[in-house]
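K.L.:
Turn this into a structure:
(one chain, ligands or ions: 1)
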Amino acid sequence: MLSENPEIRTPLKPSPAFLKRLPKTDLHVHLDGSLRLETIIDLARTQNVKLPADTPETLAKAIHMGENCEDLNDYLKAFDVTLAVMQEEKALFRAAYELAEDAASENVRLLEVRYAPTLHTRKGLALTRIVESVLDGLAAARTDHGIRSNVIISGIRHISSDQSLRLAELAVAYKNKGVVGFDLAGAEYDYPAKQHRDAFNLVRNNNVNSTCHAGEAYGPESIRQAIHLCGAHRIGHGTRLREDGDLLNYVNDHRIPLEVCLTSNVQTRAVKDFKTHPLKFYYDFGVRVTINTDNRLITDTTVTTELERAVEHFGFDIYDVRQLVLNGFKSAFLPFHERQVLLRQISTELDDLVTAELHANGSLADVAIRTAKDGSKRRREVPAAQLTAAEEAEPSRITA
Ligand SMILES: [Zn+2]
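P.N.:
Numbers count the residues shown, from 1 in each chain. Reported below is the predicted structural model:
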């Protein structure tokens with residue numbers, strides 16, 4: 001493990017290539033917000049669906065891809081277009097497969113895809129077929145690209161609480177079959193989470209994990225409801241958590257992860273601009289913040305891009321980025337022992353990547369050999385300037 005002692009820490013700005021190489025997670029990504037433009041056009045053609053535009057460039061404009069919107073509700077309009085072509089099994093399989101393929105191409109190792117199956121029933125598909133088509137698409141991508149992925153079923157705030165309950169029942173039925181959690185998404189303002197309490201109660205009584213979009217388009221009261229009334233284990237966004245210091249401390253004390261979606265927050269005007277986003281404040285305060293895309297298509301982003309923006313706007317160095325990435329793996333909805341195995345593997349891999357990057361940039365000029373307690377020799381990487389004479393003379397004095 002690389003030293004986190006600030007005295008021997010060599011701050012280095014991570015390059016985009018380094019960020020892409022890192023093993024990553026994307027724990028907050030909507031299936032219906034993450035299609036490829038070409039796929040939407042292709043699906044519309046085969047399904048005879050009329051789109052507002054028929055080339056990738058014009059369609060991107062029509063759905064305001066990557067642009068700032070009026071508010072969250074305005075941002076959500078793009079889903080009318082994507083959902084129009086996601087009403088058939090083949091389309092759902094393809095959307096899931098391609099999302100996982102795109103994530104794998106930037107070295108996302110663990111993907112938690114969320115969507116609301118009830119939004120895909122316009123042509124009469126059964127909810128079970130919808131869930132299975134998506135799981136099949138993800139399984140095929142895992143076979144082809146090795147990417148691990150699971151599903152979170154989302155209820156929708158601005159649709160009825162009855163529908164949320166149906167969705168919660170699906171999450172319960174498919175627990176241990178690829179579905180790892182329940183979520184509440186949709187218009188936050190005017191639609192409090194407490195109205196969907198029955199759905200959360202059902203998943204909680206069945207020991208299913210839950211997360212909840214909160215503190216994005218409404219204040220800390222929304223986050224309070226998500227945690228205390230709905231029992232959410234993670235919070236989607238949590239952007240406005242800083243308005244309530246007491247709740248902020250509660251979230252921090254209980255290590256409740258925040259699924260931060262930086263660019264999306266700027267686009268939905270949850271924050272004024274990148275600079276005023278609370279990500280760095282939360283990170284410095286010790287909150288378990290994770291970096292996510294929200295919607296790869298609509299927000300026009302990737303996890304690598306989100307990390308690049310975090311580096312650009314907040315000056316995160318190579319060690320901070322390592323921590324942010326690790327937070328993602330720590331926050332995954334995986335069984336504890338499975339997560340521990342993954343964390344050990346990822347942590348070693350991250351150390352090697354950080355060390356290689358420091359070497360490549362001339363920040364690590366010397367390598368000392370130290371002897372571990374079991375007698376085995378271990379390499380120890382330290383900045384040349386801080387290699388002490390004692391370490392050079394008597395490497396065996398330094399123990400693991
Ligand atoms: Zn979201």
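K.L.:
drop to CA atoms for contacts and neighbour counts, all remaining ones
P.N.:
Noted.
K.L.:
Okay, now the unreliable bits of the chain?
P.N.:
By pLDDT under 70, the low-scoring segments of the chain are 1-10, 364-400.
K.L.:
hey, which helix is longest across it?
P.N.:
Counting residues, the longest helix found in the chain (DSSP state H) is helix 336-360.
K.L.:
Pull out the buried positions in that helix.
P.N.:
Going by neighbour count (16 or more other CA atoms under 10 Å), the buried part of helix 336-360 is Arg339, Leu343, Ile346, Ser347, Leu350, Asp351, Leu353, Val354, Thr355, Glu357, Leu358.
K.L.:
show me where the stretch 151-300 of the chain has strands.
P.N.:
179-185, 209-214, 234-237, 258-260, 289-291 (DSSP state E, counting those that start in this stretch).
K.L.:
can I get those in CSV with mean neighbour count and distance to Phe93?
P.N.:
Listed next are these as CSV, based on neighbours: other CA atoms under 10 Å; distance: least, CA to CA, whole Å:
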stretch, mean neighbour count, distance to Phe93
strand 179-185, 26, 15
strand 209-214, 28, 24
strand 234-237, 27, 25
strand 258-260, 29, 25
strand 289-291, 27, 26
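K.L.:
Turn the ones you listed into JSON lines, columns for distance to Thr128.
P.N.:
Below are the strands of the stretch 151-300 of the chain laid out as JSON lines (distance: least, CA to CA, whole Å):
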{"stretch": "strand 179-185", "distance to Thr128": "12"}
{"stretch": "strand 209-214", "distance to Thr128": "20"}
{"stretch": "strand 234-237", "distance to Thr128": "26"}
{"stretch": "strand 258-260", "distance to Thr128": "28"}
{"stretch": "strand 289-291", "distance to Thr128": "31"}
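K.L.:
Which residues are in contact with Leu184?
P.N.:
Ser154, Gly155, Ile156, Arg157, Ala193, Thr211, Cys212, His213 (CA atoms under 8 Å, 6 or more residues apart in numbering).
K.L.:
Check Gln87 too.
P.N.:
Taking CA under 8 Å, 6+ apart, one finds His120, Thr121, Arg122, Lys123, Leu125 in contact with Gln87.
K.L.:
make it 7 Å
P.N.:
By CA atoms under 7 Å, 6 or more residues apart in numbering, the residues touching Gln87 are His120, Thr121, Arg122, Lys123.
K.L.:
Which helix or which strand is home to Leu27?
P.N.:
According to DSSP states H and E, Leu27 maps onto strand 24-30.
K.L.:
ok, back up a step: quick check, nearest of the buried residues of helix 336-360 to His145?
P.N.:
Ile346 (17.5 Å; CA to CA).
K.L.:
Quick check: closest non-adjacent residue to that closest one.
P.N.:
What sits nearest to Ile346 in space, not counting adjacent residues and going by CA to CA, 6 or more residues apart in numbering, is Pro23, at 7.1 Å.
K.L.:
The one you found contacts Asn107, correct?
P.N.:
Yes - with contact defined as CA atoms under 7 Å, Pro23 and Asn107 form a contacting pair (5.4 Å).
K.L.:
Which residues lie in contact with Ile235 in this structure?
P.N.:
With contacts defined as CA under 7 Å, 6+ apart, Ile235 is in contact with Thr211, Cys212, His213, Ala214, Pro257, Leu258, Glu259.
K.L.:
Now for Asp190, how many residues are close by?
P.N.:
By the measure other CA atoms under 10 Å, the count of residues near Asp190 is 10.
K.L.:
Kindly apply the preceding question to Arg148 instead.
P.N.:
18.
K.L.:
which residues sit in contact with the residue nearest to it when sequence neighbours are not counted?
P.N.:
If the residues on either side of it in the chain are set aside, Arg148 comes closest to Leu110, at 4.9 Å by CA to CA, 6+ apart. Shown in contact with Leu110 (CA under 7 Å, 6+ apart): Lys24, Thr25, Asp26, Ile147, Arg148, Ser149.
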